[in-house]
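S.K.: Structure, please.
(2 chains)
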Protein chains: 2
Amino acid sequence: MSEAGRLTFGPDGLVPAVVQDADTGEVLILAYMNAEALRRTLETGLVTFWSRSRGQLWQKGETSGNTLALVSIAKNCEANSLLVKARPAGPACHTGHTSCYYRPLDPAADLDPAP
Amino acid sequence: MSEAGRLTFGPDGLVPAVVQDADTGEVLILAYMNAEALRRTLETGLVTFWSRSRGQLWQKGETSGNTLALVSIAKNCEANSLLVKARPAGPACHTGHTSCYYRPLDPAADLDPAP
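M.R.: Next comes the predicted model:
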């Protein structure tokens, strides 16, 4: 069945990038890359995102030291997202947790109609 | 450090949902959920997305039979993406691959300036 070829960035110039610990398989973080962030990731071997909140390139761990050392990058069948395997130098989450996904969904609170 | 509370859907009403095989740890697919897709996922125990291309709810495997049986859902620190653990009934990718991430990035082609 059909697959898309060349990587396609969204209308905002970004693709979502899922980062997985290359050794443990734990999913650590989902963030966004533009072409420049992806280039820097490949050039430096350190995973680099585009920070949507700050509007600038963001080398993961640039302040905390908790860098993500690149192991491999795969693209999906639709060529509109990335799976990055990396080795974390420390907790990937800014809260100090290994992974950003440390909380279960709470359907009652998370899906309640907004107050 | 700070974390966001209640799950926040984007301006388009969607959150990205990364699906990981609950047993093998393989990342299978990244797709999008709106509140209704998330509700149906919880109610039916079968992972359901919002298809951006078709503009409708999309129960994974509804035509192929390759459903994703829900195991757990976590939200990230910013409460703007989901990590879904599931057990796949068959290949998660429409191409027949176990995972949508079956192709390495090809920097020369994927990051070349568009023709």
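S.K.: and the lowest-mean-pLDDT helix or strand in chain A, which residues are buried?
M.R.: Of all the helices and strands that make up chain A, the one with the lowest confidence by mean pLDDT, DSSP states H and E is helix A:107-110; it has a mean of 94. If you call a residue buried by 16 or more other Cβ atoms under 10 Å in any protein chain shown, then helix A:107-110 has these buried ones: A:Asp110. Placement of C-beta: from N, CA and C, glycine included.
S.K.: Next: stretch A:11-18.
M.R.: Of all the residues in stretch A:11-18, those buried under the rule 16+ other Cβ under 10 Å are A:Leu14, A:Val15, A:Pro16, A:Ala17, A:Val18.
S.K.: Run through the residues that contact the residue of chain A found nearest chain B.
M.R.: Nearest to chain B, among the residues of chain A, is A:Gly25, at 3.3 Å (Cβ to the nearest Cβ). With contact set as Cβ atoms under 8 Å, 6 or more residues apart in numbering or on different chains, A:Gly25 has these partners: B:Thr24, B:Gly25, B:Glu26.
S.K.: quick one: it from B:Ala69, how far?
M.R.: 19 Å (Cβ to Cβ, to the nearest Å).
S.K.: just the strands in chain A please.
M.R.: A:15-21, A:27-33, A:48-51, A:56-59, A:68-75, A:82-88, A:103-104 (DSSP state E).
S.K.: Can you check what angle separates the first one from strand A:82-88?
M.R.: Direction vectors for strand A:15-21 and strand A:82-88, defined by axes from the mean of the first three to the mean of the last three Cα atoms, to 10 degrees, enclose an angle of 40 degrees.
S.K.: shaky segments in chain A?
M.R.: Under the criterion of pLDDT under 70, the regions of chain A flagged as low confidence span A:1, A:113-115.
S.K.: just how off-centre is the longest helix along it within its chain?
M.R.: As far as residue count goes, and with DSSP state H defining each element, the longest helix of chain A is helix A:35-44. When C-alpha coordinates are averaged (Cα atoms, centre = their mean, to the nearest Å), helix A:35-44 and its chain have centres 13 Å apart.
S.K.: Could you do stretch A:24-40 as well?
M.R.: If you compare the mean C-alpha spot of stretch A:24-40 with that of the full chain, they lie 3 Å apart, counting by Cα atoms, centre = their mean.
S.K.: That one: end-to-end distance?
M.R.: 25 Å (Cα to Cα, to the nearest Å).
S.K.: buried ones in it?
M.R.: For stretch A:24-40, burial by neighbour count (16+ other Cβ under 10 Å) applies to A:26-35, A:37-38, A:40.
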